[in-house]
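>>> When you get a sec, could you give me coordinates for this:
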Amino acid sequence: MTTKTPSGEDFQGVIGRTIADSKPWWPASKIKAGSPNVVLVVLDDTGFSHFGCYGSTLATPNIDALAAGGLRFTSFHTTALCSPTRACLLTGRNHHAVGMRAISNFDTGYPNMRGAIPRSAATLAEILRDNGYGAFAAGKWHLAPMSECSAAGPYTNWPLQKGFDRYYGFLQGETDQFFPELTHDNHFIDAPGGPEDGYHVSEDIVDRSAGMIRDLHSLVPEKPFFLYLAFGAMHSPHQAPQSYLDKWRGKFDAGWDVAREEWFARQKELGVIPPDTKLAPHNPGVRPWTDLSVNEQRFAARLQEAFAAMLEHTDDQIGRLVAFLKSIDQFDDTLFIVMSDNGASQEGGASGVLDEMKWFNGIRESVDEAVLRLNDIGGPNSHSNIPWGWAQAGNTPLKWYKQNTHGGGVRDPLIMHWPNQVKAGGETRGQFCHVIDIAPTILDALGIETPTVVAGVPQTPVHGVSLKPTFADASAALDRGPQYFEMLGHRGIWKDGWKAVTHHTPGQPFDEDRWELYHLAEDFSEHDDLAETNPEKLKEMVDLWWAEAQTHGVLPLDDRPAMALFRASMRPGLPASRNRFVYYPPLSHLVSDACPSAARGWTTSLQLEHPAGDGDGALIARGSLNSGFVLFVKQGRLVFDYNEFHHHTRLTAATPLTPGPHDIGLVVTRTADGGGDVVLSVDGQVVASGRVPRLLFIVSSTGMDLGRSLSPVVDDYVAPFAYPGKIAKVVFETPESMPKGEVKAQVRAEMVRQ
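Below you'll find the model as predicted:
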């Protein structure tokens, strides 16, 4: 008999007037002993050929070993960007249908782009937690609107509120690998070390992942776990320990054309592409390596060295995780998945970048200047990304890149390894599949039904299908219909081995986009466009795209001016909705999306109590060694330093601060030529003045601290360089008008943080 109690519990015991005439009852445990574990590893901006087991000559022995003992999928597809792919991955639904048309930073005012997954699309973590699993997330999140990712929240879309028991990582789309902006569960924390201590965030998140699992397995060994491990690699900045960088010196001097041909041949030998595959031609803007100047070649080769070093370092961390699972006897019954969220990045441009923030700010990087700093590439003094030529090599044999719906953007590596269940070690699977299929596959493999209600909320239909039939049968048919693609106006549709796709030019009417047609069943690399010779098939596919777009909430196609993408983040109740910011330190770290704009000029006032002695420390610090600004005390003197990509403008007070209360003033006035006049004052008296040649529209992807410095902005100090005095109040005031260049820079920055 079941009794509904005042608490709402369906009690199945007996409740009498006393214990003597009552019978206790406890709900059955959700834990099913012997249930397998799941580890889901996601790499960023990793192209189809980047893993050694997919053709490259880069060093990925641990990933290759997983492939040798498991399955490589050669027709796995994603959405072409990070946040949308991850929304599909964790829900099993198409990205427009769960409000993630593009990056989570945006809310366009339409249901297909809210920047957050709705409760009607429960994540894998929520479902597995309800079925007795421990659920852990580590690394990159980027599934919450970044305007909500300050210490003020709301925390609704943070990992712990999306079903994970524990979280350790970074909420934004990218982070400095040596000085990351870390979040532990629901609060910001400092990294446990810096580069001088040998710290790197990829090592840290693997250590923390192992710690979460170790705690669970030591205390409740019968409870299975789900680990979602999303590396910052291979997203820019490409940063790795020096020993890894040294290993790759000179390995890419022959250039991307030679590498691409070599990787293409290896792909055929490995069987990851059909033997009759044709190598796609150079993407527009990719020059033959021999046409580059000596400096262009030196710069591009060194950027690729940093990429290779970071990938090898990441592979070693995956190897450490595997070794840990083996050490606690949990590896054989763990479904271990490794994948990429999109193809190789195009944001490095034709020449590559040493300081990616320059691209955000519309500043063309001088290769001849950059080669003077070759030894900085890959270390804490760089924020680099590879050029188009190396990105297309990483997408071999395909065309285009991340952001595009051609193969180079959406066709990615996927490896599944499970010794206790997947016996076909080293085999490939060529069935068309999509990232929406991963969640249904995991649930099917674990014997868990997709719930119709989660936490009292009715669930929308899952769009993906299970890939489990392919585990044992290389020719297994999958019960799937067509699959559409749409990203930033680029569109595509797949059905029964055919694909129609278009590359959209921003601002051009969508009806004027030229559609291409490929028979993927016979043309792996989208080499031979059949649009003119088979117009009937093309029309059928384009009509199908519009039908699928209607079904899955893709519409309206959105090509509005950039400002529309940020309007929602400026509404009342969010940190960026004001022009006057009043802070009362000590304060948690402020992510960049919650910081006052530094593009328009600003006025800052600080009320502080200065201690006896020098009282050295950071008062305000925004950015990193690569770009930013800092107001600090050094040898007792007030100093302001504006760091424009290692070009420093410095103002220093002539006399030290005296002990006691002071009002510090900093006024930065933007001038018509894009520079800024700077006045520094103490108690109303000017102590220094000067001029910044250029005020950056986006000063850094790293946010701001008061009374300390998350990462150094100048080499005068070592983080956190905490100020020993008391800062009572800090006020920032910014002009209301937003320069056009700032809007463009913000959009560029957010799109690259994928």
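>>> mind listing the strands for the stretch 401-550 of the chain?
In the stretch 401-550 of the chain, the strands defined using DSSP state E, counting those that start in this stretch lie at 414-417, 427-429, 433-434, 453-454, 457-458, 483-487, 490-495, 498-502, 515-519.
>>> Save the ones you listed as TSV, and put in mean pLDDT and distance to K402 too.
For every residue, glycine as well, the C-beta is placed using N, CA and C. Output for the strands of the stretch 401-550 of the chain, formatted as TSV (pLDDT from 0 to 100; distance: least, C-beta to C-beta, whole Å):
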stretch	mean pLDDT	distance to K402
strand 414-417	98	16
strand 427-429	98	23
strand 433-434	98	16
strand 453-454	98	32
strand 457-458	98	33
strand 483-487	98	9
strand 490-495	98	11
strand 498-502	98	15
strand 515-519	98	19
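>>> Determine which of those approaches S466 most closely.
Evaluated over the strands of the stretch 401-550 of the chain, closeness to S466 peaks at strand 433-434, with 10.0 Å, by C-beta to C-beta.
>>> Work out the sheet partners of that closest one and label each with its direction, please.
strand 76-77 (parallel) (DSSP bridges).
>>> what secondary structure does the nearest residue to K358 once chain neighbours are set aside sit in?
Closest residue in space to K358, ignoring its immediate chain neighbours: E365 at 5.2 Å, by C-beta to C-beta, 6 or more residues apart in numbering. Following DSSP: H, G, I helix; E, B strand; the rest coil, the label given to E365 is coil.
>>> The closest residue to F645 other than its chain neighbours: neighbour count?
Counting by C-beta to C-beta, 6+ apart, D355 is the residue found nearest to F645 once chain neighbours are left out, at 4.6 Å. When neighbours are counted by other C-beta atoms under 10 Å, D355 registers 24.
>>> give me phi/psi at the residue nearest to the spatial centre of the chain?
Compute the mean C-alpha point of the chain, and by C-alpha atoms, centre = their mean the closest residue is G173, 3.6 Å away. Phi and psi for G173, reported as degrees, to the nearest 10, are phi -80, psi -20.
>>> Surely it touches L143?
No: between G173 and L143 no contact is recorded; they are 10.2 Å apart, counting by C-beta atoms under 8 Å.
>>> Which residues are in contact with each of the two?
Residues touching both G173 and L143 by C-beta atoms under 8 Å, 6 or more residues apart in numbering: 83, 104.
>>> the strands in the stretch 51-200 of the chain, which residues?
71-73, 76-77, 134-140, 166-170, 182-184, 187-189.
>>> Nearest approach to I415 belongs to which of the ones you listed?
For these, proximity to I415 was assessed by C-beta to C-beta; strand 71-73 is nearest, at 5.7 Å.
>>> Name the strands paired with the closest one and say parallel or antiparallel.
With DSSP bridges as the test, strand 71-73 pairs up with strand 414-417 (antiparallel), strand 427-429 (parallel).
>>> now, of those, which is deepest in the fold?
Of these, the one with the most neighbours on average (mean count of other C-beta atoms under 10 Å) is strand 414-417, at a mean of 24.
>>> check contacts around the residue nearest to F645.
D355 sits next to 365, 382-384, 626-627, 645-646 when contact means C-beta under 8 Å, 6+ apart.
>>> try 10 Å this time
By C-beta atoms under 10 Å, 6 or more residues apart in numbering, the residues touching D355 are 237, 361, 363, 365, 370, 373, 376, 381-385, 626-627, 644-646.
>>> same question, D190
Contacts of D190 (C-beta under 10 Å, 6+ apart): 179-182, 184, 589, 705, 708, 710, 719-720.
>>> For the stretch 651-754 of the chain, just list every one of the helices.
In the stretch 651-754 of the chain, helices defined by DSSP state H, counting those that start in this stretch lie at 740-752, listed in chain order.
>>> The stretch 151-300 of the chain now?
All helices of the stretch 151-300 of the chain, identified by DSSP H, counting those that start in this stretch, fall at 201-219, 242-247, 256-270, 294-327.
>>> The ones you listed into CSV, with extra columns for mean neighbour count and mean pLDDT?
Shown next, in CSV, are the helices of the stretch 151-300 of the chain (neighbours: other C-beta atoms under 10 Å; pLDDT from 0 to 100):
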stretch, mean neighbour count, mean pLDDT
helix 201-219, 19, 98
helix 242-247, 16, 98
helix 256-270, 19, 98
helix 294-327, 22, 98
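>>> of these, which approaches F136 most closely?
The minimum distance between F136 and those falls on helix 201-219, with 4.4 Å, by C-beta to C-beta.
>>> what's the angle between that closest one and strand 166-170?
Interaxial angle of helix 201-219 relative to strand 166-170 (axes from the mean of the first three to the mean of the last three C-alpha atoms, to 10 degrees): 180 degrees.
>>> how about the helices in the stretch 451-600 of the chain?
469-472, 535-551.
>>> So which elements touch the last one?
Read that as helix 535-551. Applying 3 or more C-beta pairs under 10 Å, 6 or more residues apart in numbering; DSSP states H and E, we find helix 535-551 packed against strand 483-487, strand 490-495, strand 498-502, strand 515-519.
>>> quick one, it and strand 498-502 angle?
Counting by the same axes, to 10 degrees, helix 535-551 lies at 70 degrees to strand 498-502.
>>> Any buried residues in helix 535-551, and which?
Buried residues in helix 535-551, counting neighbours by 16 or more other C-beta atoms under 10 Å, are found at 538, 541-542, 544-545, 548-549.
>>> List the contacts of that helix.
94, 96-97, 112, 463, 481-486, 491-495, 498-502, 513, 515-519, 529-532, 534, 554-557.
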